[in-house]
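S.K.: When you get a sec, could you give me coordinates for this:
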Amino acid sequence: MPERVAAFLKLHRSDVDDIEVVSYDPMAGGYSRSMASARVRYRSGEVMLEETVVLRGDPPAGHAMIETDRDHEWMVLEALTELGAIPIPAARYYDATGGHLGTKAIVMDHVAGGSLQSLLERSDDYGDHPTRLAELWGLVHSVESDQLPAAMPRPSSWDQRIDDLIEMWRTVEQRSVNSDPVSRYTAAWLSANKPPPLPLRLTHGDPQAPNVMIDAEGEYLLLDWEFASIGDPREDLGWYNIYSSAAGPNLYTHDPEAFLQAYRAATGFGEAEVNQWTVGYFTILAGVKVGATISEQLDRFALGENSGVMTAMQVGSLMYGHEQNLAAIAGLQAALEVRGAPS
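M.R.: Below you'll find the predicted structure:
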């Protein structure tokens with residue numbers, strides 16, 4: 001790999017006389033992709049420079065936890081690097097065929113630091129991190145669709161986007177070997193109680209503290225853009241809430257009103273559209289990401305295609321998720337009846 005990486009970099013660096021990869025090491029993290037760091041030495045005349053770059057590529061067939069598209073991720077990273085509005089490790093180059101690096105792979109800047117998740121787990125005092133995280137999500141959701149590549153799919157309307165997400169709840173049952181009235185009920189309630197719309201914007205798709213890196217200067221950088229899309233910004237708030245409630249700490253629930261106030265200030269969105277009720281709505285909507293995966297694995301178990309004990313135990317997770325959804329819907333419905341509107 002050091003020789004392959006050096007040869008690939010030479011294709012893009014005509015400004016140097018020689019390139020040598022002096023070390024190449026697999027990296028932890030990036031659970032759905034293969035990650036490695038390469039220490040690169042450049043020579044131009046008598047001048048020698050070194051830097052570290054990160055390679056992010058597809059693992060061998062059949063080894064990925066989740067299948068995602070590197071072409072899509074590169075398209076997003078290249079656009080965001082050029083835009084410069086969101087702090088990310090800059091995207092450099094892309095092996096679009098895998099012919100140079102053995103797999104489709106993105107080369108990007110290396111940034112020294114650790115994850116926000118690891119920092120929060122070591123402290124009971126979150127300081128200004130809730131506000132900073134709300135502002136980071138706000139930066140993402142301030143990117144408008146016309147600032148993004150034309151090749152990114154665009155919903156025809158806000159209603160179409162929300163209807164497609166709601167339909168996923170119905171699809172879970174339709175594809176399952178089991179009847180699931182809770183999924184049907186959830187879809188029906190979501191369809192009947194849509195919140196006020198927001199403009200369709202860039203969404204990260206997997207906003208969570210492990211995907212936020214803190215560099216040596218204490219600045220945030222947002223990683224792992226493989227699920228990025230154009231949608232309702234509150235989709236990210238809902239997913240952050242549901243993920244962080246399971247794998248805390250949850251900086252939103254630490255002080256919801258302060259978090260949302262910082263987020264609204266960063267985006268310019270109004271309180272009628274962004275409030276605890278609408279975050280609750282999108283938390284339920286986002287739950288299908290987890291529920292669909294568990295349901296699919298349980299179906300495979302029922303059909304004899306998966307005999308794992310851990311898979312069988314996911315029945316409890318599915319039931320717990322249903323219980324949580326029904327309780328959340330009851331709470332949001334009670335708020336509707338008191339206020340008469342989703343606010």
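S.K.: Give the residue spans of the stretch 151-300 of the chain that score low on pLDDT.
M.R.: Within the stretch 151-300 of the chain, the ranges that satisfy pLDDT under 70 run 291.
S.K.: Quick one: the helices in it, in order.
M.R.: 158-175, 181-192, 234-246, 251-254, 256-267, 276-286, 288-302 (DSSP state H, counting those that start in this stretch).
S.K.: Throw these into JSON lines and include mean neighbour count and distance to residue 15, thanks.
M.R.: For the C-beta atoms, the positions are set from N, CA and C on the backbone; glycine is no exception. Listed next are the helices of the stretch 151-300 of the chain as JSON lines, based on neighbours: other CB atoms under 10 Å; distance: least, CB to CB, whole Å:
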{"stretch": "helix 158-175", "mean neighbour count": "16", "distance to residue 15": "44"}
{"stretch": "helix 181-192", "mean neighbour count": "17", "distance to residue 15": "54"}
{"stretch": "helix 234-246", "mean neighbour count": "22", "distance to residue 15": "39"}
{"stretch": "helix 251-254", "mean neighbour count": "19", "distance to residue 15": "43"}
{"stretch": "helix 256-267", "mean neighbour count": "18", "distance to residue 15": "38"}
{"stretch": "helix 276-286", "mean neighbour count": "22", "distance to residue 15": "46"}
{"stretch": "helix 288-302", "mean neighbour count": "18", "distance to residue 15": "44"}
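S.K.: Could you say which one of these comes nearest to residue 336?
M.R.: Of all the helices of the stretch 151-300 of the chain, the one in closest proximity to residue 336, counting by CB to CB, is helix 276-286 (7.9 Å).
S.K.: Determine the set of other helices and strands touching the lengthiest helix in the chain.
M.R.: Looking across the chain with DSSP state H, the single longest helix is helix 309-339. Judged by 3 or more CB pairs under 8 Å, 6 or more residues apart in numbering; DSSP states H and E, the packing partners of helix 309-339 are helix 181-192, helix 276-286, helix 288-302.
S.K.: Relative to residue 131, which of the helices of the stretch 151-300 of the chain is closest?
M.R.: Counting by CB to CB, residue 131 lies closest to helix 256-267 out of the helices of the stretch 151-300 of the chain; the figure is 4.5 Å.
S.K.: tell me which residues of stretch 67-83 are tucked away?
M.R.: Neighbour counts over stretch 67-83 (16 or more other CB atoms under 10 Å) mark 68, 70, 72-81 as buried.
S.K.: and residue 20, how many neighbours?
M.R.: The burial count assigned to residue 20 is 16, neighbours taken as other CB atoms under 10 Å.
S.K.: Alpha carbons of the helix or strand where residue 137 lies, in CSV - could you do that?
M.R.: Using DSSP states H and E, residue 137 sits within helix 129-140. C-alpha atoms of helix 129-140 as CSV (Å, rounded to 0.1, in the frame of the first residue of the first chain):
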residue,chain,number,x,y,z
HIS,A,129,-20.5,22.0,24.3
PRO,A,130,-24.3,21.8,24.1
THR,A,131,-24.4,25.3,22.6
ARG,A,132,-21.5,24.6,20.3
LEU,A,133,-23.0,21.4,19.1
ALA,A,134,-26.4,23.1,18.3
GLU,A,135,-24.5,25.7,16.4
LEU,A,136,-22.6,23.0,14.4
TRP,A,137,-25.9,21.4,13.4
GLY,A,138,-27.0,24.9,12.5
LEU,A,139,-24.0,25.4,10.2
VAL,A,140,-24.9,22.2,8.3
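S.K.: Residues contacting stretch 255-272, please?
M.R.: 130-131, 133-135, 137-139, 141-142, 196, 198, 233, 237, 251-252, 274-276, 279, 343 (CB atoms under 8 Å, 6 or more residues apart in numbering).
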